[in-house]
Structure formats: C-alpha cells, structure tokens
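Enquirer: Quick one, fold the following:
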Amino acid sequence: MTDPREVLAHALSRPPTLGTGRLVCIDGLAGAGKTTLALGLAAITRAQVVHADELLEGWSGLPGLGATLHTVLRPLAAGASSEWVRWDWHASAWAESHPLSPGGLLVVEGVGSAPARIDDLVTTLVWVEAPRDERLRRGIARDGEQMRPQWEQWLDDEAALHARERTRDRADLVYATGSSSSA
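Expert: Got it, this is the predicted structure:
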C-alpha cells in the first residue's frame with residue numbers, strides 16, 4: 001500500500017535539492033500504482049506533477065527520457081523557469097508545451113522518472129512495484145488486448161532500464177502493490 005503522507009514527510013525532512021524546491025521522483029514498474037501515488041501526493045500538496053509517459057516519444061521513447069528530464073530540470077535547479085513538451089499518444093507527435101515554475105514541490109512520476117544522471121536533484125526517490133502478470137493484466141484492461149505486444153515489449157524494456165540504472169537500489173522508499181503484496 002502506498003502512502004502519500006509518508007512520501008511528503010520524507011521529502012520535507014530533507015533539504016531542497018531542486019534549487020529552492022524539492023523533487024520527488026516516483027519510479028518503478030508500469031501498472032504498479034505510480035500515478036495513483038503521485039495524484040495522492042498532489043491532493044495533499046500544491047505540487048506540480050509531470051507524468052513521464054507524456055515526455056516519451058511513444059512506446060520506444062524510454063531510452064531518451066533521462067536526457068529529456070535532465071534538460072527540463074536543470075533550469076529549475078538554477079532557479080529559472082522551465083517547460084516540457086507533451087507527447088500526444090493518439091497523434092504520435094509532440095503537442096503543446098507546459099511551463100514549470102522553480103521552487104515548491106515537483107513530482108515526476110513514471111517508468112524511468114529517476115535516471116541516475118539527475119540524482120543530485122532528487123529529494124526523494126520512490127520505487128513502486130507489483131507482480132508482472134498483474135501489471136500486464138492492468139495494462140491490457142486499460143489499453144485493450146490489441147496492445148498486448150507493446151505492453152510485453154515495454155515490460156522487457158523497463159526491466160532492462162531499471163537493471164542498468166539500479167533504480168530500486170537507489171530508492172528512499174519502496175512500495176509493493178497488487179494482490180500478492182503485503183506492504
């Protein structure tokens with residue numbers, strides 16, 4: 001079970017790392033509950049929330065996410081405004097840009113949202129996991145059976161990314177969700 005109050009308390013117990021603000025990265029496995037945790041955190045704060053899937057150039061965009069996050073977050077660390085551009089999954093094209101203000105709490109959630117190259121900017125790194133079969137079932141329920149091949153490839157791609165990045169090992173907080181979790 002994830003607890004946004006625990007995440008907030010952890011972040012507030014640490015000094016700012018993103019200029020005068022704090023950065024919470026909620027990383028982990030697709031379909032494990034990262035978005036739900038991020039929305040819960042946003043509901044109890046005035047946090048800005050960025051969903052990493054909106055920064056990906058489609059199903060094959062995961063390898064470029066680290067560079068994108070680096071580009072988006074570095075200005076905030078210097079006290080300047082920044083912006084990010086949303087990927088439109090239906091049009092398969094980049095869409096509108098969204099501003100980000102320095103200071104306060106920024107939550108970046110999604111697979112690959114905590115690449116090691118931005119560790120110096122991260123106040124709290126949260127890892128969320130669930131069993132693979134349950135996550136695949138959730139993804140197919142949301143996106144349709146026709147998306148099974150993309151989901152299966154995605155699950156392999158995210159496993160490779162997290163193995164390279166050692167994301168779970170770097171996490172401050174770890175949550176297990178799903179039917180077989182006890183946390």
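
Enquirer: contacts, neighbours, all on C-alpha from now
Expert: OK.

Enquirer: Could you list the buried residues of whichever strand or helix holds Arg5?
Expert: Following DSSP states H and E, one finds Arg5 within helix 4-12. Neighbour counts over helix 4-12 (16 or more other Cα atoms under 10 Å) mark 4, 7-8, 10-11 as buried.

Enquirer: Which residue ranges of the protein form helices?
Expert: 4-12, 34-43, 65-77, 132-143, 148-165, 167-170 (DSSP state H).

Enquirer: quick one on the thing from earlier: what's the helix holding Arg5 packed up against?
Expert: With contacts taken as 3 or more Cα pairs under 8 Å, 6 or more residues apart in numbering; DSSP states H and E, helix 4-12 sits against strand 22-28, helix 34-43, strand 124-129.

Enquirer: Kindly export stretch 100-118 (C-alpha atoms) in CSV.
Expert: The C-alpha trace of stretch 100-118 is given here as CSV (Å, rounded to 0.1, in the frame of the first residue of the first chain):
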residue,chain,number,x,y,z
LEU,A,100,7.2,24.7,-14.8
SER,A,101,8.0,27.2,-12.0
PRO,A,102,11.0,27.0,-9.7
GLY,A,103,10.5,26.3,-6.0
GLY,A,104,7.9,24.3,-4.2
LEU,A,105,7.4,20.6,-4.7
LEU,A,106,7.7,18.9,-8.1
VAL,A,107,6.6,15.3,-8.6
VAL,A,108,7.8,13.4,-11.6
GLU,A,109,6.2,10.0,-11.9
GLY,A,110,6.5,7.2,-14.3
VAL,A,111,8.8,4.5,-15.5
GLY,A,112,12.3,5.9,-15.8
SER,A,113,11.5,9.1,-14.0
ALA,A,114,14.6,8.9,-11.7
PRO,A,115,17.6,8.4,-14.0
ALA,A,116,20.9,8.3,-12.1
ARG,A,117,22.1,11.4,-14.1
ILE,A,118,19.7,13.6,-12.1
